[in-house]
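A.B. asks: okay, here's the prediction I keep looking at, along with the sequence it came from:
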Amino acid sequence: MNCLGRFPAAGLVAGLAVGWLSPAVADEATYQDGFAAYESGDYGRAYGVWLPLATAGDSDAQFGLGVLLDNGQGVPESDADAAKWYRQPAEKGNPDAQFNLALLYDSGSGVPVDKTEAARWYYRAAMTGHAGAQYNLGLMFESGEGVDQDPARAAFWYRQAADQG
C-alpha cells in the first residue's frame, strides 16, 4: 500500500532525505549510500544497504526499510513489515515514521484497524509540526474516530496544517 493516506505526504521522501543524521553503523555502507541508491531508483540496493544498518539499530535505515516495504519498492509490499520498521524510529521521535505508522493503524494496513492508536501517533507527529498529521488529526476530531468528537479541536488542527500551506 502506498502509505500517503488522506494527506499528500511529501514528507515520505523528505524524511528519507533528512536522514535524522544518525551515525553510520556499518563500515562499508552508510545510510547515505542507501539513500543515493533510493534516489536513483535502485531500491534493491537501498534495501541491501539499509537492512544491516536497520538491524543494528539505525533509525534512518529503519524508516527507509519501512518506506520500501510500504510501497513495494525493490521488495514485495508488506504493510505488516513496514509497520515493524516504522515503529522503531516512531518511538524514537521520527515524525515521518509516526505519521506513516498512524496511517497504517488508521486504515488497518498490516495491523488491525485501531483509530485510537492512529490518533495517538498522529498526535505525536502533529506536535512536531507535521502538517499531514495535523490535518488527519483534525479529521479524527471532526468525525470522532479514535478521539471524542470535538469541532473546536478539529478546527485547531486544521488551522495548524493550513498555516503550513
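C.D. replies: Perfect, I can see it now. Residues are numbered from 1 along each chain as shown.
A.B. asks: buried residues of the helix or strand in which residue 116 is found, list them for me.
C.D. replies: Using DSSP states H and E, residue 116 sits in helix 115-126. With burial defined by 16 or more other C-beta atoms under 10 Å, the residues of helix 115-126 counted as buried are 115, 117-126. For glycine as for every other residue, the C-beta is placed from the backbone atoms N, C-alpha and C.
A.B. asks: got it, and stretch 88-103?
C.D. replies: Using 16+ other C-beta under 10 Å as the burial criterion, the residues of stretch 88-103 that qualify are 88-90, 94-103.
A.B. asks: ok so, going back, tell me the helix or strand right after the helix holding residue 116.
C.D. replies: Of the helices and strands lying after helix 115-126 in sequence (DSSP H and E), the nearest is helix 131-143.
A.B. asks: mean confidence for that next one?
C.D. replies: Helix 131-143 carries an average pLDDT of 98.
A.B. asks: which elements pack onto it?
C.D. replies: helix 95-107, helix 115-126, helix 151-162 (3 or more C-beta pairs under 8 Å, 6 or more residues apart in numbering; DSSP states H and E).
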